[in-house]
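Colleague: Take this sequence and fold it.
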Amino acid sequence: MIKIYYLHKGDNIPFYIGYTKSPKTRITNHRQTYGIEVEMEEIDECLNEEKKQIESLWIGLFKSWGFDLLNKNTGGGGPLTHSKESKDKYKEWRKDKKPMLGKKQSPVTIERKRKALKGRPKPDGFGDMMREVRLGVSKPEGTGQKISQKLKGRPSKKIRIVVQKNLNGNIIAKYNGIDEAGRKTNSNPSTISKVCRGIFSQTNGYKWSYE
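Modeller: Below is the predicted model of the structure:
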């Protein structure tokens, strides 16, 4: 079902009527345009093929009540800022632009996005989408060096002694940490950790525990 809604800036005075099938995504987009104080109120719902007609009815009704709306026509055309002329200008400006991947955003843009997204949960599937977008995209030059500088001087995690045992519980060897144990016994460090924590009983023919 399609949701019909109006926007207001905390004063419950409508300034725009619209429709959407994803209110959470739509309000995020509106806040990037009109400010983070913008709120959305759902007023109706309809089938997809009826959305423009129902939106038009609500626009006419709100205008008859005296509200000054940004909608440029009686429905389905978007706000004044999204006129055909402005869209054509944007397409012309955008056509020779390169993607922003790997480019640094301005502090103003970063702060605006931070405020708009603060406290808002990420949509379902966001992590999978970002992994797909970033697949094969190399990190900006110097990323590893920047991380090293940030971590420089910080105390490392305490290494725990890992004890290797046979299936009868007899000690075979001890190692300085999970990684060393996995490397010297040709075992998966992650699985060794799970045995040490009691999730698995053994791996690769051995029992493991922390000293």
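
Colleague: and stretch 32-46, which residues are buried?
Modeller: Of the residues in stretch 32-46, those buried by neighbour count under the rule 16 or more other CB atoms under 10 Å are 34, 38, 40, 44, 46. Backbone N, C-alpha and C define where each C-beta goes, glycine included.

Colleague: same question, stretch 11-30
Modeller: Along stretch 11-30, these residues count as buried under the neighbour rule (16+ other CB under 10 Å): 14-20, 26-27, 30.

Colleague: re earlier: rebuild the buried residues of stretch 32-46 as CSV, extending it with secondary structure.
Modeller: Putting these into CSV (DSSP: H, G, I helix; E, B strand; the rest coil) gives the following:
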residue, secondary structure
Tyr34, helix
Val38, coil
Met40, strand
Asp44, strand
Cys46, strand
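
Colleague: Just flag the most distant two among the residues you listed.
Modeller: Using CB to CB, the buried residues of stretch 32-46 reach their maximum pairwise distance at Tyr34 and Cys46, which is 24.1 Å.

Colleague: okay, now the domains of this protein?
Modeller: When the chain is parsed with automatic domain parsing, its domains come out as 2-82, 161-210.

Colleague: mean pLDDT lowest for which of the ones you listed?
Modeller: Averaging pLDDT over each of these singles out domain 2-82 as the lowest, with a mean of 84.

Colleague: need the longest helix for the chain.
Modeller: helix 51-64 (DSSP state H).

Colleague: And it, what's buried?
Modeller: In helix 51-64, the ones that count as buried by 16+ other CB under 10 Å are 51-52, 54-59, 62.

Colleague: Mind putting those residues into a markdown table with distance to Arg197?
Modeller: Compiled in a markdown table, the buried residues of helix 51-64 are given as follows (distance: CB to CB, whole Å):
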| residue | distance to Arg197 |
| --- | --- |
| Lys51 | 53 |
| Lys52 | 58 |
| Ile54 | 56 |
| Glu55 | 56 |
| Ser56 | 61 |
| Leu57 | 61 |
| Trp58 | 58 |
| Ile59 | 60 |
| Phe62 | 60 |
